[in-house]
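Peer 1: dropping a prediction and its sequence here:
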Amino acid sequence: MTRENLVKQIPFIFYMTFLAIMYIANSYNAEKTIIDISKTKKELEELRFEYITTKSELMFHSKQSEVAAKLINSGVKESVVPPAKLYVKVP
């Protein structure tokens, strides 16, 4: 290789260097995106478990027997008379 041929190849070398840098940057960006997706999936799974647990606790605490047991100390008693339907005659 002569100096003249090397000077002619400089733009191509710069172009190839630029492409290599862009390729490396793209790889890092893709890896970062994959890591972020993985973290988000784990967080979503934890939140789903928390939702199921909270919903289960709410269902347990809103049962009639649980509500009645909590209201014993306040003096409120459970009704033993079933509710009656009211019928309204529309003229």
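Peer 2: It's in. What you are looking at is a predicted structure, and each value in this text was computed from that prediction instead of being measured. Residues are numbered from 1 along each chain as shown.

Peer 1: give me the below-cutoff pLDDT ranges for the protein.
Peer 2: Counting by pLDDT under 70, the chain shows low-confidence ranges at 1.

Peer 1: so in the protein, which helix runs the longest?
Peer 2: helix 3-61 (DSSP state H).

Peer 1: what separation do you get for A30 and N73?
Peer 2: Distance, A30 to N73, by CB to CB, to the nearest Å: 61 Å. From N, CA and C alone the C-beta is placed, and that goes for glycine too.

Peer 1: these two: which is more packed in?
Peer 2: More neighbours surround A30 than the other of A30 and N73, with 10 against 7 (other CB atoms under 10 Å).

Peer 1: so what's the most far-flung residue of the chain relative to its centre up against?
Peer 2: Centroid-distance maximum for the chain: T2 at 61.2 Å, with CA atoms, centre = their mean. Applying CB atoms under 8 Å, 6 or more residues apart in numbering to T2 gives no contacts.
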